[in-house]
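Enquirer: Just the structure for this:
(chains A and B)
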Amino acid sequence: MSSAIAAPPDLIAKYEPVIGLEVHVQLATNTKIFCGCATSFGAPPNTNVCPVCLGLPGALPVLNRRAVEMAIKAGLALNCTVNRRSQFARKNYFYPDLPKGYQISQYDLPVAEHGWVEVEVGGVKKRIGITRVHMEDDAGKSIHDGFRDSDKYTYVDLNRSGTPLIEIVTEPDIRSSDEAYAFLTELKQILQYQECSTCDMEKGHLRCDANVSVRLKGAEKFGTKAEVKNVNSFRFVKLALDYEIERQVAVVDGGGRILQETRLFNPDTGETVGMRSKESAHDYRYFPEPDLVPLRISEEWMDEIRQDMPELPQARRARYMADFGLREYDAGVLTATRATSDFFEAVSKAAGDPRAAANWVMGDLMGALKAENKEIAESPVSAQNLGELIALIGKGEISGKLAKEIFAKMLSTGEAPRAIMEREGLKQISDSGALEKIVDQVIASNPKQLEQYRGGKTTVLAFFVGQVMKATRGQANPAAVNELLKAKLG
Amino acid sequence: MSIELGKLTIGGVREGLKSRAFSAEELASEALRSAGEQNATTNAYLTFCPELALEAARRVDQAIAAGENPGPLAGVPIAVKDVIVTEGLRTTCGSRLLEHYIPPYSATAIHRLEGAGGVIIGKTNCDEFAMGSSNENSAFGPVHNPVAPDRVPGGSSGGSAAAVASGTVVAALGSDTGGSVRQPASFCGVVGVTPTYGRVSRYGLVAYASSLDHIAPFARNVKDAALLLEAIAGRDPRDSTSADAPVPDYAAALDGKVKGKRIGLPREYFQSLASETGDLIMTAVDVLKRLGCEPVEISLPATDYAIATYYIIATAEASSNLARFDGVRYTTRSEKAESLISMYRNTRGEGFGAECKRRIMLGTYVLSAGYYDAYYLKAQKVRHLIAQDFAKAFETVDAIVTPVSPFPAFKIGEKVDDPLAMYLSDIYTITGSLAGIPCMSVPAGVTADGLPVGMQILTRHFDESGMFRLAHAYEQAA
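Expert: The predicted structure is shown next:
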């Protein structure tokens, strides 16, 4: 990646970046925020529309209750105060894909405010303040190319118009691109856990703008900030911030002035480019939306919503370490997504052994899924079946080796372990009568090794165990085999 | 068969259909014929819909023939102000910008009207986007007052008032934001009713000032106005601001029992009132007194600030509501659209009339950064004070009586160059709009020149019944 301006690392180290993020998240409702149209992705242009989301004259918005519930969940999960009374406001501006000429958003009374998210960077824990969470409707989509007359016209698809969004605004608490990355990762995880959003960045379900300034370390006053837009992956956020920090340090250190402006990130060059000056920016003329009554949230409703909320990832990680004795790293892996965590808990419950469950989920299962590029939700092995398999090992009914064989078959057939064992005749031989016979045969056919053992070379025991396992195609209970062998050889 | 359309009431239509004096189809044909004929003089209608009207009328006739209940407004010819959207029927809002706009859906009030058996014969002229007090701001020419064709019918619902006054329909729908139904009712000598805010769904009413807009009925008498309101009133899940309050049987309230009712006469409204209008209102008050009502002088001290408050709130909301007419979708687009910005500018510059531009600019200004608190926020506080004035007054009186307008219908062109004078003439109707209470205009005689004057009656929130009772008792006695 090229970079026209550059500041050496030791110079950058003299400065402190100050970063605040604005994150737009699409709520996972089935219908739009102010009408009953579907929010589905990929429908033919202008088909998921009605008078309300088309902004036709005379149409009026009606607030989607599910969208409010999801916004409240997000607010609570981000440790915010949920305002018992909030208000929608119109944000006025002209744009071809904004059919009403205004966006219905929230302004001075957002649904939730004053929260925080804890992040960990380099072993240090830190809270990033959440200024506010507010609800709003999305605009449509302008399509500038791909049509025969795209040189003259822009086309507009209003399927997305009226899609419910929340905007999450942080305090200027972020001090590095790593912290920004950690914050976004944690935020995404929290919202996915609450099933507020899929946070699918490729589909635009999570979009991020960053406000960045730099100041000399120790300085109290903030520098002038620039807003970096169009960063549509977490990796790009880090790249864009690193570039922007370096750019600003070079400008400021060279005696220059930072312009208060909006800059676009170009993922091809890794640079940010000035787009428009903030000083000549829009006056959005916010005022309370007269078509909607103030949003009042009763205690009863809050209680219902709270009861419907799952445990947060941080709480789960702590519980996995305290109750299951898992290492921090493993707890992190197992809580990375709600789906993984829920799957692990189901396996653990069926297995009756959380640590064994953790090993199997993180090792065999995730390895196999990764090899096939599958999500845990697509696992051919159900959590119940995997748990049963682990329980069978625990009960000594099968050996670890046999379990792996069965697991491989579960992966390809999706069957329960017992079904496979019955069909394939794969059963651990613990019955001492049956085992004894095999042990006797093995001893009888290996007189040389028997002699060695009796001569004091007890390591030969492993050889006998191996032979017995081989003879039983791994179905012998290793503990029982050991005992029997010791008795017979001794 | 002869139908005296100009004298027909809703009850008269019901009897005529029942006695087979005429069919709904014959009545609709007569209304269309008469409206077409009179339109040359009044310019009250912008669009007629003969096919839809005759089809609706035939449905009524079929229902009657089949012995079914054809609905409370069965066969009643009705005109609808052109700011209320009608599926498949052009809806212009009196604006060039929507000259060719055919909505794909109908307002809730239209669905209810049709469900009640009403027969819509056409869409009526109005001030552009309901902004005006004289109907001179229509892109399609002014409406002439049927009583005195050189005079205005009032506005903004001038076309609907004229359609009823000229006897082309039995009733009409208008819209009232600051007096747009009551004032033309007063000027044309018909009844005009602005119900409580939220009583009638606004879904499908093209917004001028959302927190003040009402769909509101016109009729030739109080009972018909009550029947029409009852048909369209009630909660609508498509309008979050519509009230979840039961709709009473308004006609049942027309029992003449007004003895002992205390009638508030606000001092501030009568102080500077022109003599002839004032005399007619005081004569009307005497009639109420004879009926056993007790007039009481009251004070509504915030009245002085009402005009300023109204024109801040209404224009602020209008500046936002009218943003969607931008040339991108259904709006008539300027030929001069070289770039996005020039398309916006030229479409709106050419399309909006002077009054709309004035209000968009005023509203944009009062919402601007740095001015919001001084104008919009303060206006909202004063609006609250005005509502409190009324609430306090209604602790001691059952209804308030005032003039509707300081003067009767003026000559076309007389006030067009003085927008401030035009704004000031809304003084008596604006306060009730800001408070969101029911208010109506009922004819209270004519001036020496034969110009009608209306009396305004205002009551508590959702007490339309009390308002109709008083208006009806007065109407019967006068």
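Enquirer: now stretch A:42-61, how far from the chain's geometric center?
Expert: Centroid displacement of stretch A:42-61 relative to its chain, using Cα atoms, centre = their mean, to the nearest Å, is 32 Å.
Enquirer: tell me the contacts of A:Val273?
Expert: Residues near A:Val273 by Cβ atoms under 8 Å, 6 or more residues apart in numbering or on different chains: A:Arg263, A:Leu264, A:Asn266. For every residue, glycine as well, the C-beta is placed using N, CA and C.
Enquirer: Which strand residues bridge residue 266?
Expert: Picking chain A for this. A:Glu271 (DSSP bridges).
Enquirer: not what I meant, chain B
Expert: B:Ile298.
Enquirer: Just the buried ones from the contacts of A:Val273?
Expert: If you count burial by 16 or more other Cβ atoms under 10 Å in any protein chain shown, the buried members of the contacts of A:Val273 come out as A:Arg263, A:Leu264.
Enquirer: Take the contacts of A:Val273 and lay them out in a markdown table including pLDDT.
Expert: Output for the contacts of A:Val273, formatted as a markdown table (pLDDT from 0 to 100):
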| residue | pLDDT |
| --- | --- |
| A:Arg263 | 93 |
| A:Leu264 | 92 |
| A:Asn266 | 92 |
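Enquirer: of the contacts of A:Val273, closest to chain B?
Expert: A:Leu264 (18.8 Å; Cβ to the nearest Cβ).
Enquirer: low-confidence ranges in the chain?
Expert: Let's take chain A. For chain A, the stretches with pLDDT under 70 are A:1-5, A:276-281, A:428-430.
Enquirer: meant chain B actually
Expert: The model of chain B has pLDDT under 70 over residues B:1, B:274.
Enquirer: And the strands in it?
Expert: Per DSSP state E, chain B carries strands over the ranges B:45-48, B:77-81, B:119-124, B:171-176, B:191-194, B:214-219, B:262-266, B:294-298, B:399-403, B:439-446, B:452-458.
Enquirer: Of those, flag the one that's most buried.
Expert: A comparison of the strands of chain B by mean neighbour count, using mean count of other Cβ atoms under 10 Å in any protein chain shown, puts strand B:191-194 on top with a mean of 34.
Enquirer: Are there helices or strands packed against that one, and which ones?
Expert: strand B:171-176, helix B:182-188, strand B:214-219, helix B:222-232, strand B:439-446, helix B:464-477 (3 or more Cβ pairs under 8 Å, 6 or more residues apart in numbering or on different chains; DSSP states H and E).
Enquirer: can you list the ones you listed in a markdown table and add distance to chain A?
Expert: As requested, the helices and strands packed on strand B:191-194 are arranged in a markdown table below (distance: least, Cβ to the nearest Cβ, whole Å):
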| stretch | distance to chain A |
| --- | --- |
| strand B:171-176 | 11 |
| helix B:182-188 | 21 |
| strand B:214-219 | 10 |
| helix B:222-232 | 15 |
| strand B:439-446 | 20 |
| helix B:464-477 | 21 |
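Enquirer: hmm, back to that, can you tell me which of the contacts of A:Val273 is closest to B:Gln388?
Expert: A:Arg263 (50.3 Å; Cβ to Cβ).
Enquirer: now that closest one, what's its secondary structure?
Expert: What DSSP: H, G, I helix; E, B strand; the rest coil gives for A:Arg263 is strand.
Enquirer: got a list of what the residue of the stretch 101-250 of chain A at minimum distance from chain B touches?
Expert: As assessed by Cβ to the nearest Cβ, chain B sits closest to A:Gly101 within the stretch 101-250 of chain A, at 2.5 Å. By Cβ under 8 Å, 6+ apart, A:Gly101 lies in contact with A:Gly55, A:Asn92, A:Tyr93, A:Phe94, B:Ser320, B:Leu322, B:Ala323, B:Arg324, B:Asp326.
Enquirer: filter the residues you listed to the buried ones?
Expert: Neighbour counting with 16+ other Cβ under 10 Å marks A:Gly55, A:Asn92, A:Phe94, B:Ser320, B:Leu322, B:Ala323, B:Arg324, B:Asp326 as buried within the contacts of A:Gly101.
Enquirer: check contacts around the second one.
Expert: Think A:Asn92. A:Gly101, A:Tyr102, A:Tyr284, A:Arg285, A:Tyr286, B:Ser319, B:Ser320, B:Ala323, B:Leu367.
Enquirer: Helices - which of these land there?
Expert: Judged by DSSP state H, these include B:Ser319, B:Ser320 as members of helices.
Enquirer: hang on, isn't B:Leu288 packed against B:Pro295?
Expert: Yes. With contact defined as Cβ atoms under 8 Å, B:Leu288 counts as touching B:Pro295 (7.0 Å).
Enquirer: Now do the phi/psi pair for the residue of the stretch 51-200 of chain B found nearest chain A.
Expert: At 4.5 Å from chain A, B:Val85 is the closest residue in the stretch 51-200 of chain B, using Cβ to the nearest Cβ. The phi and psi values for B:Val85, taken as degrees, to the nearest 10, are phi -80, psi 140.
Enquirer: again, but for A:Ala38
Expert: Per degrees, to the nearest 10, the backbone of A:Ala38 is at phi -70, psi 150.
Enquirer: Look at it and say how many residues are nearby.
Expert: A:Ala38 has 14 neighbours, counted by other Cβ atoms under 10 Å in any protein chain shown.
Enquirer: ok, longest helix in chain A?
Expert: Assigned via DSSP H, chain A shows its longest helix as helix A:234-253.
Enquirer: mind listing what the nearest residue to A:Ser399 once chain neighbours are set aside touches?
Expert: For A:Ser399, ignoring the flanking residues on the chain, the nearest one in space by Cβ to Cβ, 6 or more residues apart in numbering or on different chains is A:Pro478 at 5.5 Å. A:Pro478 makes contact with A:Ser399, A:Val465, A:Met469 under the criterion Cβ under 8 Å, 6+ apart.
Enquirer: neighbours of B:Leu420, just the number please.
Expert: Neighbours of B:Leu420 under the rule other Cβ under 10 Å: 10.
Enquirer: With B:Lys357 instead?
Expert: What B:Lys357 shows, counting by other Cβ under 10 Å, is a neighbour count of 15.
Enquirer: now it: how far from chain A?
Expert: Counting by Cβ to the nearest Cβ, to the nearest Å, the gap from B:Lys357 to chain A is 15 Å.
Enquirer: tell me the contacts of the nearest residue to B:Arg14 once chain neighbours are set aside?
Expert: Excluding the flanking residues, the one nearest B:Arg14 by Cβ to Cβ, 6+ apart is B:Ala74, at 6.8 Å. Contacts for B:Ala74 were tallied using Cβ under 8 Å, 6+ apart; they are B:Val13, B:Arg14, B:Leu17, B:Ala24, B:Val60, B:Ala63, B:Ile64, B:Ala116, B:Gly117, B:Gly118.
Enquirer: do the same with A:Phe236
Expert: Listed by Cβ under 8 Å, 6+ apart, the contact set of A:Phe236 reads A:Phe265, A:Pro267.
Enquirer: Also A:Ala180?
Expert: A:Ile19, A:Leu21, A:Ile174, A:Ala210, A:Val237, A:Lys238, A:Leu241.
Enquirer: Is the third one bridged to anything, and to what?
Expert: Here A:Ile174 shows beta-bridge partners A:Ile19, assigned using DSSP bridges.
Enquirer: isn't A:Val251 right next to A:Ile258, touching?
Expert: Yes. Taking Cβ under 8 Å as the definition, A:Val251 is a contact partner of A:Ile258 at 5.9 Å.
Enquirer: what about A:Asp330, how many residues close to it?
Expert: Neighbour count of A:Asp330, defined by other Cβ under 10 Å: 20.
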